[in-house]
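1. what follows is a predicted protein model with its sequence.
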Amino acid sequence: MSPEDFAIGIDVGGTNMRAARISPSGEILERRSIAGSRDPKTALGLIKDLVRSMDTDGARAIGVGIPGRVNGWTGEIISGGFLDLSGVDLKHELSHSFGHPTLVANDCSLALIGESRRGAARGLRNAVMMTIGTGIGGAVMEGGQIVNGKRCAGQLGHMVVNLGGQPCPCGQRGCIETESSGTSLRRHLDEAGYGQEIRFEHILKNAEAGDERAIGVMCAWGGPLRAAINTLSAAFDPDVVVLGGGMGAAAIASLDFLPELHSWYRVSARPAELGDDAGVIGAGLAALDLVSRSDHGKRLIMVNGVPASGKSSVARSLSEKTGWPVLALDTVKNPFLELIENVDRPFNRVLGRASYKSIFSVIKESPPGSTFIVDAWFGFQPIDILREHLAMAGITELLELWCHASPELVGQRYGQRSGKRLPGHPGSAYVPELIELARRAEPCRLGPVMDIDTTTPIELDRILAWVTDIFEQKLGV
């Protein structure tokens, strides 16, 4: 990537929308801020205007941070608050309008990437961030990667800290967002008898002077936040918790007024360093990662399932559609079974392990940017062996298509084809063992997983759309 290259980072807010050209080192080359809109159609037009104003020679990718729930694997906007873009396929709109790889993610996830590269979590690979403003956003990074869970993990503002607390739009009561956000600070001030003209700065000054009423507001506002931070420490054991957003520094100040607590789960909490720039910097750097991975890495589609689960049909169909080569255990192993006589089951297993490693050795010799489909029952070897093979092969992106059918149908399929397989493969006597294996088999879950029921027709277009979305979106350091 040339030093002159840059990404367009967009941070979407309800009040303001920010855009910047971000260099590969995270430097802001140019910036722009405009008033936002809560109307989805208007907001989409404003986002496109911002991208258009930044799209000059050297633009390689677009990254957009959205408030609300965003599928971290695909970029689908699931729901929003003050601005709800859940009906907008923003990634498609921008990538097709401007012709650049586009990443769409939760705004706090991107802010944490910014802080981990150039801010308060710089050099750390395990961090949690909470953005304190009108509400509370959140993101978690483990091992340098944003934690997405099934779709949109990191909704930290909705951890419950008060079972009898205020109702939250999410359907719960007592979420940290209802106790320690900027909006809830106003409620605490009202409950303490302060007028509407009183701001946090006034309360902080009075609390520092020893005023009991002001200290009470600080404790009421900061106490639930500390409980949430300690819970996050217990759950994730991060190196640091970063508090950002418009009220992040204020939240840090409020913690100083709480009584000392001796806990196993204390963790350093520090204010964000990048301020309003964290979102655009993180969005730009995450977008440039898309380009870097496609230039230098290799991609793997694991078509996984027990024998006779229907995975080979899925792998062949996907290969025919995309042109990506399929590497399968039996394809490698069968020539040996044709030439070696009297192969028993133990030796068949040895051939299986050798074939497994051979597949990844072939991938290792492939050029950067290659994509492979591997058709195998990955569960026949320990997961640590798979991790070693992935590292050896230079695979930087992977996803898993988990193929399955009922155990009884799997056994029936295997029994019907067992007489046609080469000597050395387990025969029909293996069926009862296979049925039990199918009952307990699970995906590897080393990356995003798509569940495929092979008793129904293969929805190839849906599978391909999911695969494409995953490979265009991945967040981390």
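-> Nice, thanks for sending it over. Residues are numbered from 1 along each chain as shown.

2. who touches stretch 342-352?
-> 329, 333, 336-337, 340, 380, 423-426 (C-beta atoms under 8 Å, 6 or more residues apart in numbering). (Each C-beta comes from the backbone N, C-alpha and C, glycine too.)

3. same thing but 10 Å
-> 329-330, 332-334, 336-337, 340, 358, 376-377, 380-381, 422-427, 430 (C-beta atoms under 10 Å, 6 or more residues apart in numbering).

4. so which residues of the stretch 1-150 of the chain form helices?
-> In the stretch 1-150 of the chain, the helices defined using DSSP state H, counting those that start in this stretch lie at 40-54, 90-98, 107-118.

5. tell me the most buried of these?
-> Sort these by mean neighbour count, taking mean count of other C-beta atoms under 10 Å, and helix 107-118 sits at the top with a mean of 28.

6. tell me the average confidence for it?
-> For helix 107-118, the mean per-residue pLDDT is 95.

7. with stretch 46-63 instead?
-> 95.

8. what about it, distance to the chain center?
-> Using C-alpha atoms, centre = their mean, to the nearest Å, the distance from the centre of stretch 46-63 to the centre of the chain it belongs to is 24 Å.

9. equivalent analysis for stretch 231-245, please.
-> Here stretch 231-245 is found 17 Å from its chain centre; the criterion is C-alpha atoms, centre = their mean.

10. please renumber so the chain begins at 99
-> Done: numbering now begins at 99, and the last item shifts to stretch 329-343.

11. output it as CSV - backbone C-alpha positions only.
-> The C-alpha trace of stretch 329-343 is given here as CSV (Å, rounded to 0.1, in the frame of the first residue of the first chain):
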residue,chain,number,x,y,z
THR,A,329,-18.1,-6.8,36.0
LEU,A,330,-16.4,-6.3,32.7
SER,A,331,-13.0,-6.9,34.4
ALA,A,332,-14.4,-10.2,35.8
ALA,A,333,-15.8,-11.2,32.4
PHE,A,334,-13.0,-10.2,30.1
ASP,A,335,-9.9,-9.5,32.2
PRO,A,336,-8.9,-6.6,30.0
ASP,A,337,-5.6,-4.6,30.2
VAL,A,338,-7.6,-1.4,30.4
VAL,A,339,-11.1,0.1,30.3
VAL,A,340,-11.3,3.2,28.1
LEU,A,341,-14.1,5.7,28.8
GLY,A,342,-14.8,7.9,25.8
GLY,A,343,-17.7,10.0,24.4
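
12. what are the buried residues along it?
-> 329-331, 334, 336, 338-343 (16 or more other C-beta atoms under 10 Å).

13. among the contacts of stretch 440-450, name the buried ones.
-> Judged by 16+ other C-beta under 10 Å, buried ones among these: 427-428, 430-432, 434-435, 474-475, 479, 522-523, 528.

14. would you turn the residues you listed into CSV with distance to Gly143?
-> Listed next are the buried ones among the contacts of stretch 440-450 as CSV, based on distance: C-beta to C-beta, whole Å:
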residue, distance to Gly143
Leu427, 51
Asp428, 53
Val430, 53
Lys431, 57
Asn432, 57
Phe434, 61
Leu435, 62
Ala474, 47
Trp475, 50
Gln479, 52
Gly522, 64
His523, 60
Tyr528, 61
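
15. make JSON lines from the residues you listed and add pLDDT, secondary structure and distance to Trp500 to it.
-> Below are these laid out as JSON lines (pLDDT from 0 to 100; DSSP: H, G, I helix; E, B strand; the rest coil; distance: C-beta to C-beta, whole Å):
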{"residue": "Leu427", "pLDDT": "88", "secondary structure": "helix", "distance to Trp500": "17"}
{"residue": "Asp428", "pLDDT": "87", "secondary structure": "helix", "distance to Trp500": "19"}
{"residue": "Val430", "pLDDT": "89", "secondary structure": "helix", "distance to Trp500": "22"}
{"residue": "Lys431", "pLDDT": "86", "secondary structure": "helix", "distance to Trp500": "22"}
{"residue": "Asn432", "pLDDT": "83", "secondary structure": "helix", "distance to Trp500": "24"}
{"residue": "Phe434", "pLDDT": "86", "secondary structure": "helix", "distance to Trp500": "28"}
{"residue": "Leu435", "pLDDT": "82", "secondary structure": "helix", "distance to Trp500": "27"}
{"residue": "Ala474", "pLDDT": "94", "secondary structure": "strand", "distance to Trp500": "12"}
{"residue": "Trp475", "pLDDT": "94", "secondary structure": "coil", "distance to Trp500": "11"}
{"residue": "Gln479", "pLDDT": "89", "secondary structure": "coil", "distance to Trp500": "17"}
{"residue": "Gly522", "pLDDT": "72", "secondary structure": "coil", "distance to Trp500": "27"}
{"residue": "His523", "pLDDT": "76", "secondary structure": "strand", "distance to Trp500": "23"}
{"residue": "Tyr528", "pLDDT": "87", "secondary structure": "helix", "distance to Trp500": "22"}
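
16. specify which member of these is nearest to Trp564.
-> For the buried ones among the contacts of stretch 440-450, the closest approach to Trp564 (C-beta to C-beta) belongs to Ala474, at 19.9 Å.

17. partners of that closest one in the sheet?
-> With DSSP bridges as the criterion, Ala474 is bridged to Asn402.

18. surely it and Val401 touch.
-> Yes. Using C-beta atoms under 10 Å, Ala474 is in contact with Val401, at 7.6 Å.

19. mutual contacts of the two, please.
-> Common contact partners of Ala474 and Val401 (C-beta under 10 Å, 6+ apart): 409-410, 413, 426.

20. which ones among these are found in helices?
-> 409-410, 413 (DSSP state H).

21. still on that earlier bit, looking at the helices of the stretch 99-248 of the chain, spot the one closest to Glu299.
-> helix 205-216 (23.9 Å).

22. on that earlier part again, how about the helices of the stretch 99-248 of the chain in a markdown table, adding distance to Pro465?
-> Listed next are the helices of the stretch 99-248 of the chain as a markdown table, based on distance: least, C-beta to C-beta, whole Å:
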| stretch | distance to Pro465 |
| --- | --- |
| helix 138-152 | 32 |
| helix 188-196 | 25 |
| helix 205-216 | 28 |
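
23. so which of those comes closest to Met239?
-> helix 205-216 (5.7 Å).

24. does Asn376 touch Gly212 like I think?
-> Not Asn; residue 376 is Ala. Yes. Between Ala376 and Gly212 a contact is recorded at 4.0 Å, counting by C-beta under 10 Å.

25. identify the contacts common to those two.
-> With C-beta under 10 Å, 6+ apart, Ala376 and Gly212 have common neighbours 109, 163, 218, 227, 342, 370.

26. and the fourth one, how many residues sit next to it?
-> The reference is to Met227. Met227 has 33 neighbouring residues, counting by other C-beta atoms under 10 Å.

27. kindly report the same for the second one.
-> Other residues lying near Gly163 total 29 when counted by other C-beta under 10 Å.

28. against Thr200, how distant is it?
-> Relative to Thr200, Gly163 is positioned 12 Å away (C-beta to C-beta, to the nearest Å).

29. common neighbours of these two, please.
-> Shared contacts of Gly163 and Thr200 (C-beta under 10 Å, 6+ apart): Ile108.

30. want to throw the ones in helices among the shared contacts of Ala474 and Val401 into TSV with neighbour count, pLDDT and distance to Thr113?
-> Formatted as TSV, those follow (neighbours: other C-beta atoms under 10 Å; pLDDT from 0 to 100; distance: C-beta to C-beta, whole Å):
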residue	neighbour count	pLDDT	distance to Thr113
Lys409	24	95	49
Ser410	20	94	53
Ala413	25	96	49
